[in-house]
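Novice: need a 3D model of the following:
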Amino acid sequence: FLQSLILRNKYLGVDYIHGEAMFMKKHCFDRLDNPEGIHRLYEVHMFMNDTKQVYPIEFCWGVIACGAQAGNVGRMAGFGTGRGPMYMDIPVEPKRGYIFEVECRQGPGLNFPLVTDPSGLFVQRQGYANQYLVGILPSPLHQEEIPTNMFGDVDPSYFDEVVHPLLKYRIPGFEDLTVLGSRPVDYDYNYIDQQPIIGNHPIQ
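Specialist: So this is what the prediction gives:
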């Protein structure tokens, strides 16, 4: 669906620019600062990887949809650095977590759905070989730092001491399992109420 939407947008004249935002500013904040009625109130400087140059782009509306980096991009735009409505920043930051791939012969069958627990634990079956993805979503209940080694890989004791006890308590069939691997993931974490932020900013 996403690819068809992109193709349709290009057919209608939308330009997709792939780059990195280096700088962003707002020329004015209300009508008193904008007596001439300038429509393009924002400006962002984009670094293009293909040309290695920076191009300024002016626009009137912007959508911050950059996941865990929404707080950083918001501060680049002035949110959290001013007064009044600009005093509060976007309360989203990256929260490092780990997803474990486990194998369990006595695990749930093929009709096993994606299961989440109030503790943040989630389990999802993968394929037909009794393999599952297991992890803990960030929450106020799990604020401690996840132990890692010098290469950035998660400490195996974290799964044995934190994840596996929750998993056995939630689903007894996972008492005997084998950890096949793990990988890091950065979650989009709202550190105020853990809810997504959708809608206009008050200054709009």
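Novice: let me see the ranges of the strands in this protein.
Specialist: Secondary structure of the chain (DSSP state E): strands at 19-26, 42-48, 53-59, 92-103, 115-116, 121-126, 131-136, 178-190.
Novice: show me what the shortest one is packed against.
Specialist: It stands for strand 115-116. strand 121-126 (3 or more CB pairs under 8 Å, 6 or more residues apart in numbering; DSSP states H and E). In this view, the C-beta of every residue, glycine as well, is placed from N, C-alpha and C.
Novice: make it 10 Å
Specialist: For strand 115-116, the helices and strands in contact under the criterion 3 or more CB pairs under 10 Å, 6 or more residues apart in numbering; DSSP states H and E are strand 121-126, helix 164-170.
Novice: just checking: what are the partner strands of it?
Specialist: Strand pairing for strand 115-116, using DSSP bridges, gives strand 121-126 (antiparallel).
Novice: what do you get for the third one?
Specialist: The sheet places strand 53-59 alongside strand 42-48 (antiparallel), with pairing taken from DSSP bridges.
Novice: state the distance from residue 105 to residue 173.
Specialist: Here the criterion is CB to CB, to the nearest Å. By it, residue 105 lies 9 Å from residue 173.
Novice: the two: which has the busier surroundings?
Specialist: More crowded of residue 105 and residue 173, by other CB atoms under 10 Å: residue 173, with 15 against 9.
Novice: tell me the contacts of the closest residue to the more buried one other than its chain neighbours?
Specialist: Residue nearest to residue 173 in three dimensions, not counting chain neighbours: residue 106, with 4.9 Å by CB to CB, 6 or more residues apart in numbering. Residues near residue 106 by CB atoms under 10 Å, 6 or more residues apart in numbering: 130, 172, 173, 174, 175, 176, 177.
Novice: just so I know, which of the strands of the chain lies nearest residue 67?
Specialist: Residue 67 lies closest, by CB to CB, to one member of the strands of the chain: strand 178-190, at 4.8 Å.
Novice: quick one on the thing from earlier: give me whichever of the helices and strands packed on strand 115-116 is most buried.
Specialist: Among these, strand 121-126 has the highest mean neighbour count (mean count of other CB atoms under 10 Å), at a mean of 18.
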